[in-house]
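>>> here's my sequence, what's the structure:
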Amino acid sequence: QVQVVESGGGLVQAGESLRLSCAASGTILSINSMGWYRQAPGKQRDLVATITSGGSTVYADFVKGRFTISRDNAKNTVYLQMNSLKPEDTAVYYCNADVVTIYSGRYLFYWGKGTQVTVSS
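Residues are numbered from 1 along each chain as shown. As a prediction, the model looks like this:
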């Protein structure tokens, strides 16, 4: 019913930038929050940043001042601009969308399959 697809990951050197994109599609009536999470090998999945449909944002302390989340509501798309990347930012980055579909009648979280970000030193 709902597909969430991330793109934009890759291999970069420390100090460089990447921009991730995530598009939600399907039988969507409304999307509340959209967000980015990341999971490094052997670690738990952590919140990176979230944004509501009204533009309110929340950032993890470890990305404040370096990452910026933004959103295009008309395209059901969320972006994550990542600057000054560090080797410790290496992880699989997952997108999450809080969606009401024409079938569900309530908000449900949908996850993408993730995109790999690798930062070399």
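
>>> now do the spatially closest residue to residue 55 that is not a sequence neighbour, the pLDDT please.
Residue nearest to residue 55 in three dimensions, not counting chain neighbours: residue 71, with 7.2 Å by CB to CB, 6 or more residues apart in numbering. (Glycine included, C-beta is placed from N, CA and C.) Per-residue pLDDT puts residue 71 at 97.

>>> what's the neighbour count on residue 71?
Using other CB atoms under 10 Å, residue 71 has 22 neighbouring residues.

>>> surely residue 15 forms part of a strand?
No. Counting by DSSP: H, G, I helix; E, B strand; the rest coil, residue 15 is not found in a strand; it is coil.

>>> so that it lines up with my notes, have the first residue be 49 from now on.
Renumbered: residue one is now 49, and that last one reads residue 63.

>>> quick one: contacts for it?
Contacts of residue 63 were listed using CB atoms under 8 Å, 6 or more residues apart in numbering, and they are 132-133.

>>> check contacts around residue 149.
Residues counted as contacts of residue 149 (CB under 8 Å, 6+ apart) are 49-50, 74-77, 156.

>>> I meant residue 94, not that one.
85-87, 108.

>>> only whichever of those residues are buried, select them in PyMOL.
Buried residues among the contacts of residue 94 (16 or more other CB atoms under 10 Å), as a PyMOL selection:
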select buried, resi 85+86
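
>>> my read: the residue nearest to residue 103 touches residue 98, true?
No. Residue 119 sits out of contact with residue 98 when judged by CB atoms under 8 Å, with a separation of 10.0 Å.
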